[in-house]
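S.K.: Coordinates for the following, if possible.
(2 chains)
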Amino acid sequence: KAGVTQTPRYLIKTRGQQVTLSCSPISGHRSVSWYQQTPGQGLQFLFEYFSETQRNKGNFPGRFSGRQFSNSRSEMNVSTLELGDSALYLCASRNLAGSGHNEQFFGPGTRLTVL
Amino acid sequence: SQELEQSPQSLIVQEGKNLTINCTSSKTLYGLYWYKQKYGEGLIFLMMLQKGGEEKSHEKITAKLDEKKQQSSLHITASQPSHAGIYLCGADSQGAQKLVFGQGTRLTINP
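M.R.: Numbers count the residues shown, from 1 in each chain, chains lettered A, B, ... in the order given. Here you go, the predicted structure:
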């Protein structure tokens, strides 16, 4: 099976612009989560989507939004970019069939630089 | 909210030596995950632990979850340059479908 893919891998934007990142989960995985990783804050949870519905959300401002499509692919949007939004954005998918805990599989990430 | 603390924050060891990384939780762990990350890349899943006292091994890496389910350790035997990277522990927040992560341990292997 192909792993989690993210596009683009690198992105440079300027303050005030908006950006859309894309994530394709592992085939058959219906849960997609997004994380932001920065040197100062580490890995922080943004939100999770399952069957096109947002199930959980982290403590990020409303400028961060996402959606999931019927094929489980997900997009994340950040509007009115700020310098502090520069980070590695990671997407992870998992198979939630059955109960219990299921490991998340991560994509390679999108490195966003805001100038 | 649940917090995970990893120690040490960084580690430099001679190739061939053994090492241990610890992950301590502020609350009972219901699912503990270990990941490895090469700088600037995605996370590679290593192991998942759920039961108190559980121990899992893969090649030269062994992970354990203590009986009280509040601490986990990752042990690498006979370290190799390929083991270098950042090791992160993550935990399921009870009742929430999200992972919280420790701050990571940067491992350097000197030849």
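
S.K.: residue ranges for the helices of chain A, please.
M.R.: Along chain A, counting by DSSP state H, no stretch forms helices.

S.K.: do the helix or strand of it with the lowest mean pLDDT and chain B meet at all?
M.R.: Lowest by mean pLDDT, DSSP states H and E among the helices and strands of chain A is strand A:53-57, with a mean of 90. Yes: judged by C-beta under 8 Å from any C-beta of the partner chain, strand A:53-57 and chain B are in contact via A:55, A:56. Placement of C-beta: from N, CA and C, glycine included.

S.K.: I'd like to know which elements that strand is packed against.
M.R.: Packing partners of strand A:53-57 (3 or more C-beta pairs under 8 Å, 6 or more residues apart in numbering or on different chains; DSSP states H and E): strand A:42-50, strand A:64-68.

S.K.: And for residue A:3, the neighbour number?
M.R.: The number of residues packed near residue A:3 is 14, by other C-beta atoms under 10 Å in any protein chain shown.

S.K.: how about the residues of chain B that lie near chain A?
M.R.: Proximity of chain B to chain A (C-beta under 8 Å from any C-beta) is limited to residues B:30-31, B:33, B:35, B:40-45, B:48, B:50, B:88, B:90, B:92, B:96-104.

S.K.: Excluding covalently adjacent residues, which one is nearest to the residue most central in space within chain A?
M.R.: Centroid-nearest residue in chain A: residue A:34, 2.9 Å away (criterion: C-alpha atoms, centre = their mean). Nearest in space to residue A:34, with sequence neighbours left out and distances taken as C-beta to C-beta, 6 or more residues apart in numbering or on different chains, is residue A:46 at 4.1 Å.

S.K.: wait, that neighbour sits on residue A:63?
M.R.: No: between residue A:46 and residue A:63 there is no contact under C-beta atoms under 8 Å: 11.3 Å.

S.K.: Identify the bridge partners of the residue nearest to the centre of chain A.
M.R.: residue A:47, residue A:91 (DSSP bridges).

S.K.: Would you verify that residue B:39 is located in a helix?
M.R.: No: according to DSSP: H, G, I helix; E, B strand; the rest coil, the state of residue B:39 is coil, so it is not within a helix.

S.K.: where does residue 3 land on pLDDT?
M.R.: Since you didn't name a chain, this refers to chain A. pLDDT for residue A:3: 92.

S.K.: The intended chain is chain B.
M.R.: 89.

S.K.: What of residue A:101?
M.R.: Looking at residue A:101, the pLDDT reads 60.
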